[in-house]
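>>> below is the sequence, then the predicted model.
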Amino acid sequence: MRTCRGAYLGGALLLVGTNLCGLAIPWLLKLAIEELQHPASGRFTPGQYGAMIAAAAVGQGIIRVFSRTTLLNAGRRIEYLLREDLYGKLLTLDRTYFSNWRTGDILSRLANDLTNVRMLLGFGVLSVLNTFIVYTAALILLTRISPFLTVCAIAPFPLMIFIVKKLSASMFKTSKRMQEALSRLTTRVEENVSAAAVVKAYCREDGEIETFRQACDGYSDASMAVAKIRGFMLPIMASTGAFGTLIILFVGGAQVVSGELTLGGFVAFNGYLAMLVWPTIMLGWILNLVQRGAASMARLGEILNASAELVEPTDPVDPGEIRGEVEFRNLTFSYGATEMLRGITLKIPAGSRVGIVGVVGSGKSTLVRMIPRLFPVPDGTVFVDGVDLNRMSLEKIRAAVGFVPQEGFLFSRSIAENVAYGKPGAGREEIERAVRIAGLAGDVARFPQGLETLVGERGVTLSGGQRQRVSIARALLKEPSILVLDDPLSAVDADTEEEILSALSGYYGERTVLIVSHRLSPLRGCDQIIVLEQGAIVEQGSHEELLELGGRYAAIHKEEQLKAEIERL
Amino acid sequence: MHFGGIYEDEIVGKMYDRRLMGRFFPYLLPYRRLIAAALVLLPFVAAAKLVQPWILKLAIDDHITKGVMAGLPSLAALFLGVILAESLLMFAQVYLLQYVGQKVMYDIRVQLFSHIQRLSARFFDRTPVGSLVSRLTSDIEVLGEMFAAGIVTVVGDVLVLAGIVGIMLFMNVKLSLVTFSVLPFLIWTAFAFRKWMRAAFRQVRARQSNLSSFLTESIGGMAVVQLFNRERDEAREFRRLNTEYMESNLPVITWDAALYAVVETLSSVAVALIIWYGGGEIVRGTLSFGALVAFIQYIERFFSPIRDLSAKYSVMQGAMASLERIFTLLDNQALEPALLAPAATGAGKEKGVSCQTAPDEAGSSICFNDIWFAYSEDAFVLKDFSLQMRRGEKVALVGETGGGKTTVTRLLSRLYDVNRGSITVDGADIREIPLKTLRKRIGVVLQDPYLFSGTVAYNISLGDPEALKRVEKAAAVVGADRLIRELPNGFEEEVRERGVNFSAGERQLISFARAVAFDPDILVLDEATASVDTASERLIQRGLEGLMHGRTTLVVAHRLSTIRDADRIVVIHHGEKMEEGTHAELMDAKGVYYRLYQLQFKD
């Protein structure tokens, strides 16, 4: 808003100019009629008055263009800046935030709520300023024509303001309800379209249409409630304005008869009052805009004021080149009401390899997500190269960590662009090397356009395994000091897995590597392995040590071996 | 990196306004009674508007200038009555039309949504989610604005305009003609602006769609953006799209302001003409003061709907652009193959080819006959693939990723149609089985288990009343019941968007339960046991054994352990069938399977 102060000021001045021209017209009319009634006293001919009116009209038109474009452009400009801020904010929010919000909801806020705010700041401001200027100027001129008549004409206005205030309260509530209904509808569409394959596989088209109908119903009802209140306002506003005309006709007519008022004054009075009618009607509409805009601004505020739990340190410590030593000190972390990690203490020397195993929901993924701070990390619990993660800049740590999530998200861009995502401008050779290590080279060679093959939205045209490997290649290309693999080969077949694992072990070098896996085969060659259960480390040691221990790890190992033996028969 | 091209929503080809309106008209038909009621009110509203200046004229000519007070109060009372009537009628009219508008929006929304449900998997592969969302939300919203802005009352405005012209001509022909001399300019302006604004609006809508696609994807992939420190680049790309969108709006604002100003100016110029010419008439005594005042009032009322017309026109243009996009989507015939005319799919072309094993023998359940398939031209993913499955048989597809295993299952569900060859279920070509019948017989567990927002129970039943009854049993079959009961709200636990509050393994268990709840006789598991730990896998394995009993099952397996019990194993390599047989046979053959097996379990 502040950045556009100049535009608003200029726009307001231009509006004053427009209205001065506009207000001159009834006054010229008044003079012209007085002239016609008493030709002797006049200074100008009707033709000259006509020319003056036309000149005022042209002036009004020209200034009008500038005043409207200035103010409405300012509204657009603020919308633009606000959208920029919103998106900038979204970029800083963490996983906890996005898991609590639906994408459809966020999108709806960015589209519809932003439109409402823009309407308020563009058209709304324009109309408010216009109304204010017209009211002030017209009231002054009306009083000059006849103070008594003016008081009579504006007598119904307080009543109108009272009614409008009453209506506006319920307007606010219904507007909000309508926006929420629209948000729900958007979410339904978003999910339906994203999950088209599921809907088709289960023949749920009819069911989906039914739930969509319900969402539409909810939205229609809310919209009609808004329309009803708005429709109610219109005649109230209009008749209040017209009431004034009625009073002039009755009182003013008598005054003209008694000679207190000239016919020209009567006509001009009528003209000014007519000028008030439109802004008065608009007032109801503006009120609607303001209500909607305020409700929407509040909803946008929920995004803008979302506390980024990932706070950049005020005084970041720069550990220099990150070697990759990772240490967890008594880390306990809750997600909502559930405790995901309990008292994790673990030291990972730089350049070593750690395997993490555990059952579904044991906290494996949560633990490794702490390292690139995908979740807010409690102070004094996670250290990299001896520095508390919270004291290191996000950019620094994330640049040092190559993270491969379970389900690789791909952008609707080419494979090369997806692989080079973390390192824009990477050379073709680098990309090819990463693709090769990730075991994707053969697949890419089979695509007609090779690396330039476009990946459909969310990578539909790639198989799950191919998607995972693109996301591995993406992490490798960064040349990270710490490589985190969160069960990245789950959708890859054994043959390819073996190939990738051996290519990766050549790549590891001095890097610290954390591998999460629900099987033991990818953990070969790990310096230490930890077993997680309900968020706590229950076993820890090398492969041999854990086998020696004869606990859970040994049990899993035995089970896998047994299976292998049975099948070998 | 410049990837704008991908988000560009094509600016659609020419479809004229009249044609669009012609297509839109049938949507109004079901509400013709309500619209008729609103239209019946129109002449009354118009009359109320036209009478007001006339009353003023009578008051001036018969009372005020003559100094006759008697009768003035009754004229004032009449005026009041007219105004109140106008307000009430307007309210009724606006409300009726808004109601119709909501109904029409609802109908179009549901029709469009239903149409999207019928579109093919190929369509979804290449259409961004964001653009479909904006078709169903903002584009239809714009249509709603058309009703809210009172476009339909344009008919009423025309009525008022005609009335004003009539009354003015009746009062004074010459003065009327002088006043009307501004009309040609007005008409020219209206037509010229029409063309300019339309082009500008198209650009706005197209850029809005680009912005929305970008946002959808960016928000979906936020974790990746953040992990790779790409916030600044994404922000830069976003700024580019955002700037383009804002800039496309500026010409629209300028045209709109100019049109408004031109109409307003012409209206005042008309008043000036009345003063100039009418003044002379009064001096000559051929025009009364009352008539002059009435003339001025009429001319103001004449231009005021035209002035609003520019606002209405903006809305109308927006609505046209939206209608065009809505109709383009409705016209998209990328329907599911089964919904196309049989001739277009090539169904039955190769009818002669039947199962290569004797079909009668124990009723061969599923047959893939010499299948060829490519997602895009000539890049065949499957080459001459054949497979026969007996009823109740469990066949495992193994091979490297991208080898075509998943494609085989998609073809069976007819998400895509084969290029050559045929697939039969119980001897019938699947292209001749109604799509719903076919899909209801097949239970699918996808690679990526998709969860909807809603409860766990909803996610298992997907809202199907029959499946809902089997939710708990289905969960028990796959061993998910224990896990679900441990949730604070059990089966009623809310699943947040895409199941983010569940782990990958839990999501998979839920999607298994989903397949069980629909009780299919054919089961397709696509890498179903992937990313589940050994303990859960054991649980699932047990559940699946029960589920698979008596069902023909096709498993896409990456883990050899999950196919241990398969009756038959088919090895697919580069889209071709390399080996086929039981585990023991394939191990003896010492071929591809043998190698895969050795790799998986060697230590």
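That came through, no problem.
>>> ok, then the element right after the helix or strand harbouring B:L259?
Secondary structure from DSSP states H and E places B:L259 in helix B:231-273. Where DSSP H and E defines the elements, the next helix or strand beyond helix B:231-273 is helix B:279-284.
>>> can you name every helix or strand that that following helix contacts?
On a contact count with 3 or more Cβ pairs under 8 Å, 6 or more residues apart in numbering or on different chains; DSSP states H and E, helix B:279-284 meets helix A:5-37, helix A:46-92. (Glycine included, C-beta is placed from N, CA and C.)
>>> and the residue of the stretch 201-350 of chain A closest to chain B?
Residue of the stretch 201-350 of chain A nearest chain B, by Cβ to the nearest Cβ: A:P235 (3.3 Å).
>>> and the helix holding B:L259, how far out from the chain's middle?
Distance of helix B:231-273 from the chain centroid (Cα atoms, centre = their mean, to the nearest Å) equals 27 Å.
>>> is it in proximity to chain A?
Yes: counting by Cβ under 8 Å from any Cβ of the partner chain, chain A is contacted by helix B:231-273 at B:231, B:233-235, B:238-239, B:242-243, B:245-246, B:249-250, B:253-254, B:256-258, B:260-262, B:264-265, B:267-269, B:271-273.
>>> just the pLDDT for the residue lying closest to B:Q208 once chain neighbours are set aside.
In space, B:Q208 comes closest to B:Y245 once its chain neighbours are excluded; the distance is 5.9 Å by Cβ to Cβ, 6 or more residues apart in numbering or on different chains. With respect to pLDDT, B:Y245 scores 92.
>>> one more: the one 10 residues further on?
Among the per-residue scores, B:W255 holds a pLDDT of 85.
>>> what about it, distance to A:S127?
Per Cβ to Cβ, to the nearest Å, B:W255 is found 19 Å from A:S127.
>>> looking at those two, which is more packed in?
More neighbours surround B:W255 than the other of B:W255 and A:S127, with 24 against 19 (other Cβ atoms under 10 Å in any protein chain shown).
>>> from memory the more buried one sits against B:W196, does it?
Yes: here B:W255 reaches B:W196: they are 5.6 Å apart, a contact under Cβ atoms under 8 Å.
>>> same for the strand or helix carrying B:R482, what does it pack against?
Assignment of secondary structure by DSSP H and E places B:R482 within helix B:481-485. Under the contact criterion of 3+ Cβ pairs under 8 Å, 6+ apart, helix B:481-485 touches helix B:471-477, helix B:504-517.
>>> could you measure from A:C4 over to A:V16?
To A:V16, A:C4 is 18 Å away according to Cβ to Cβ.
>>> no, scratch that, I was asking about A:I529
Counting by Cβ to Cβ, the gap from A:I529 to A:V16 is 77 Å.
>>> who has more neighbours out of these two?
More crowded of A:I529 and A:V16, by other Cβ under 10 Å: A:I529, with 22 against 16.
>>> for that one, give me its contacts.
Contacts here follow Cβ atoms under 8 Å, 6 or more residues apart in numbering or on different chains; on that basis A:I529 touches A:354-357, A:523, A:539-543, A:546, A:553.
>>> how about it, nearest residue that isn't a chain neighbour?
A:G355 (4.1 Å).
>>> A:I530 is in contact with that neighbour, correct?
Yes: contact criterion Cβ under 8 Å: A:G355 and A:I530 qualify, at 7.4 Å.
>>> got the domain ranges for chain A?
Per the record, chain A has its domains at A:2-304, A:326-568, by automatic domain parsing.
>>> dump those domains to a markdown table, plus mean pLDDT.
Below are the domains of chain A laid out as a markdown table (pLDDT from 0 to 100):
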| stretch | mean pLDDT |
| --- | --- |
| domain A:2-304 | 84 |
| domain A:326-568 | 85 |
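>>> those: which one's closest to B:S74?
Of all those, it is domain A:2-304 that lies closest to B:S74, at 10.5 Å by Cβ to Cβ.
>>> tell me how far the closest one lies from the chain's centre.
Centroid separation between domain A:2-304 and its chain, computed with Cα atoms, centre = their mean, is 26 Å.
>>> kindly report the same for stretch A:301-310.
The chain centroid and the centroid of stretch A:301-310 are separated by 11 Å under Cα atoms, centre = their mean.
>>> tell me which residues are up against it.
Contacts for stretch A:301-310 (Cβ under 8 Å, 6+ apart): A:85-86, A:89-90, A:92-94, A:96-97, A:106, A:109, A:373, A:376, A:394.
>>> please repeat the previous calculation with a cut-off of 10 Å.
Stretch A:301-310 is contacted from outside by A:82, A:85-97, A:100-101, A:105-106, A:109-110, A:113, A:297-298, A:373-377, A:390, A:394, B:226, using Cβ atoms under 10 Å, 6 or more residues apart in numbering or on different chains.
>>> any idea how far A:Q48 is from the residue of chain B found nearest chain A?
Nearest residue of chain B to chain A, counting by Cβ to the nearest Cβ: B:G279, 2.4 Å away. According to Cβ to Cβ, B:G279 and A:Q48 sit 10 Å apart.
>>> now, of the contacts of stretch A:301-310, which are buried?
A:82, A:86-87, A:89-97, A:101, A:105-106, A:109-110, A:113, A:297, A:373-377, A:390, A:394, B:226 (16 or more other Cβ atoms under 10 Å in any protein chain shown).
>>> lovely, talk soon.
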